[in-house]
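Peer 1: Okay, sequence plus prediction incoming.
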Amino acid sequence: MSNTSASPVTVLGLGAMGTALATAFLANGHPTTVWNRTAAKADPLLALGAVRAEDVAAAASAGELVVVCLLDHDSVHATLGPVAPALAGRTLVNLTNGTPAQARESARWAAAHGITYLDGGIMAVPPGIGTEQAFVLYSGAREAFDAHRPVLERLGAATFVGTDAGLAALYDIALLSGMYGMFSGVIHALALVGTEQVPAADFAPMLSAWIAAMAEGIPHAAQQIGTGDYTQGVVSNIGMQAAAFGNLITTAEEQGIRPDLFTALRALMERRVADGHGAEDLAGIAELLKK
């Protein structure tokens, strides 16, 4: 067994995601120490070879690499605060979902206690951990990422996005924003056709193909937002789109569907046109989102 495959790991938090993380480490030959506030949650992992720590301090002291995946930011600090001395000199990888500001706060706390810190954003559901579909974003201590990357790759493709500890959370939230925006439209579309008894499963292939085609425009929008120039390559200006967008709202209301998911976008489009940008591209509403 190679040194990499033998590297010990500690996993703190055994919810659905934490259990998936620990399982992936165990499946790849890593001696894995686990801890959870409800100790019984570790039982299935013990059968796979995990070692249950009696308390957080013992878990934190078990190895050089400590992975934490708890409910939220407050849970992390409530759990780790009292055992900071046990974590000193070790690498802490925080895979708890949070915000960029929370990640930076955790990084400052870690630095103050001599703890090397990496923050992470898991781009997968628990069953996807350890598969080719999963990837995990990391930011913070670059040397620690490089040193532990072979171990972290057990969870999914490991992508380092910067030494600013808040960047992994920023990327995570941005990707989720795109996902939820897409699914908002999908849910609305399926509900809309359903008002005329069109089976959702029948409409789904057409919707999927349409969304895939529209996604090809993302690089163009990114270029416009990056330069701040929304006049280049315009094929359907926002003025024309805003004039027709009201039909989405009206049709929803006529069909008995709430238009809530689109009313905010309509207001932004109309404001952009009113501000004199009707000949520009839709991506220009990004300017209205800036505080």
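Peer 2: Right, received. Where do you want to start?
Peer 1: Gly185 is in contact with Leu261, isn't it?
Peer 2: Yes - judged on C-beta atoms under 8 Å, Gly185 makes contact with Leu261 at a distance of 7.3 Å. Any C-beta I mention is one placed from the backbone N, CA and C, and that applies to glycine too.
Peer 1: Now do the SS call for Ser106.
Peer 2: helix (DSSP: H, G, I helix; E, B strand; the rest coil).
Peer 1: The closest residue to Asn237 other than its chain neighbours and Leu288, how far apart?
Peer 2: Nearest residue to Asn237 in three dimensions, chain neighbours excluded: Ala279, at 5.1 Å (C-beta to C-beta, 6 or more residues apart in numbering). Ala279 sits 16 Å away from Leu288, taking C-beta to C-beta, to the nearest Å as the criterion.
Peer 1: Now do the strand or helix carrying Ala101: which elements does it pack against?
Peer 2: Taking DSSP states H and E as the definition, Ala101 sits inside helix 100-112. Here helix 100-112 touches helix 73-80, strand 91-94, strand 116-123, strand 135-140, helix 167-194, going by 3 or more C-beta pairs under 8 Å, 6 or more residues apart in numbering; DSSP states H and E.
Peer 1: For Gln197, grab the count of nearby residues.
Peer 2: Residues near Gln197, counting by other C-beta atoms under 10 Å, number 6.
Peer 1: And for the one 3 residues further on?
Peer 2: Using other C-beta under 10 Å, Ala200 has 14 other residues around it.
Peer 1: Now it: phi and psi?
Peer 2: phi -60, psi -40 (degrees, to the nearest 10).
Peer 1: give the contact list for the closest residue to it other than its chain neighbours.
Peer 2: Of all residues not flanking Ala200 in the chain, Leu190 sits nearest, at 4.5 Å (C-beta to C-beta, 6+ apart). Applying C-beta atoms under 8 Å, 6 or more residues apart in numbering to Leu190 gives the contacts 200, 203-204, 207.
Peer 1: Next, format those residues as CSV and append distance to Leu46, pLDDT and secondary structure.
Peer 2: CSV is the format used below for the contacts of Leu190 (distance: C-beta to C-beta, whole Å; pLDDT from 0 to 100; DSSP: H, G, I helix; E, B strand; the rest coil):
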residue, distance to Leu46, pLDDT, secondary structure
Ala200, 43, 98, helix
Phe203, 47, 98, helix
Ala204, 42, 98, helix
Leu207, 45, 98, helix
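Peer 1: And the furthest pair within those?
Peer 2: Maximum pairwise distance in those, criterion C-beta to C-beta, is 9.1 Å, between Ala200 and Leu207.
Peer 1: ok, back up a step: was I right about the residue nearest to Asn237 contacting Gly239?
Peer 2: Yes - under the criterion of C-beta under 8 Å, Ala279 makes contact with Gly239 at 6.4 Å.
Peer 1: what about the helices in the stretch 151-291 of the chain?
Peer 2: 167-194, 200-215, 218-227, 238-254, 260-272, 286-289 (DSSP state H, counting those that start in this stretch).
Peer 1: Packing partners of the shortest one?
Peer 2: If I follow you right, that is helix 286-289. By 3+ C-beta pairs under 8 Å, 6+ apart, helix 286-289 packs against helix 260-272.
Peer 1: hmm, who's touching the helix it packs on?
Peer 2: 184-185, 187-188, 238, 241-242, 245-246, 248-249, 252, 278, 280, 282, 284-285, 287-289.
Peer 1: possible to save the helices of the stretch 151-291 of the chain as CSV with distance to Phe135?
Peer 2: CSV is the format used below for these (distance: least, C-beta to C-beta, whole Å):
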stretch, distance to Phe135
helix 167-194, 10
helix 200-215, 18
helix 218-227, 18
helix 238-254, 34
helix 260-272, 28
helix 286-289, 26
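Peer 1: where's Leu46 relative to Val151, distance?
Peer 2: 21 Å.
Peer 1: hmm, I was thinking of Arg37
Peer 2: For Arg37, the distance to Val151 - C-beta to C-beta - is 25 Å.
Peer 1: Gly181 now?
Peer 2: Separation of Gly181 from Val151 (C-beta to C-beta) stands at 34 Å.
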